[in-house]
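In: Here is my input; please provide its structure:
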Amino acid sequence: MRRFVWPRVERNCQFVQYQAKIPLTKRTSLYILVVLSIFISCVAGVMYFRTPRLPLYISNGLEIGSDFKLLSIDPLEVINSSSSETPTADKKTRIDNFNILGEVAINSDSKRRSIVNEIKSSIENWDGNYFNCFWPRHDIRFTIDGKIYDILICYQCHQYQLYCDGMKIGFGGVTGSPDLFNGVLQSAKVPMPKPFP
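Out: Residues are numbered from 1 along each chain as shown. Just a heads-up that it's a prediction; the model follows:
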């Protein structure tokens, strides 16, 4: 029985072949790296520049939800969070530790449409800038399937926060002006928060 021995020539051929493949491997890996970089840049660009929007069920709730209200919030009068009482959305005096100064029910379809268009436009036109604070002065409240939803809006900090039955469920950025909301509240003689010093 003969013993198998690797021929020297075959080993040399493998070595030469391996040496010949090195530039091809580097070139291929460079191509793969370039393609991956372009792909990742495209995905990141799409994710960064995509139009921000409210979740669909919140957007629909703004359109068809019941008990549609605009609330005036005092960002400076924050209730002591060490209190044993837990804030809930069904309380008439606060939302997420912020005092509610007053509210106005929006029964007019045209007024509701203008408020809904304003908040959607403020979110969709957000430029990506925000401040590391949250001092909301406005709250849009409505009910879907027996659950109370709140959209607390801070135009000064360029942020909004979503709540369902008093629990925070989301957040995002806004841009624009609170003039429309202020006008609706002032025309209904709802108390407004004091301006910052």
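In: Need phi/psi at the nearest residue to residue 65 once chain neighbours are set aside.
Out: Counting by C-beta to C-beta, 6 or more residues apart in numbering, residue 142 is the residue found nearest to residue 65 once chain neighbours are left out, at 3.5 Å. Any C-beta I mention is one placed from the backbone N, CA and C, and that applies to glycine too. Dihedral pair for residue 142: phi -150, psi 170, per degrees, to the nearest 10.
In: cool, the one 10 residues further on as well?
Out: Per-residue torsions, residue 152: phi -80, psi 130 (degrees, to the nearest 10).
In: and it, how many neighbours?
Out: When neighbours are counted by other C-beta atoms under 10 Å, residue 152 registers 25.
In: Now it: closest residue in space, sequence neighbours ignored.
Out: Of all residues not flanking residue 152 in the chain, residue 136 sits nearest, at 4.1 Å (C-beta to C-beta, 6+ apart).
In: Quick one: name whatever helix or strand follows the strand ranked longest in the chain.
Out: When the chain is parsed with DSSP state E, its longest strand is strand 66-78. Remark: after strand 66-78, the chain's next helix or strand is strand 94-95, criterion DSSP states H and E.
In: where's the residue nearest the centre of the chain relative to residue 130, distance?
Out: Nearest residue to the geometric centre of the chain (C-alpha atoms, centre = their mean): residue 172, 2.8 Å. Using C-beta to C-beta, to the nearest Å, residue 172 is found at 9 Å from residue 130.
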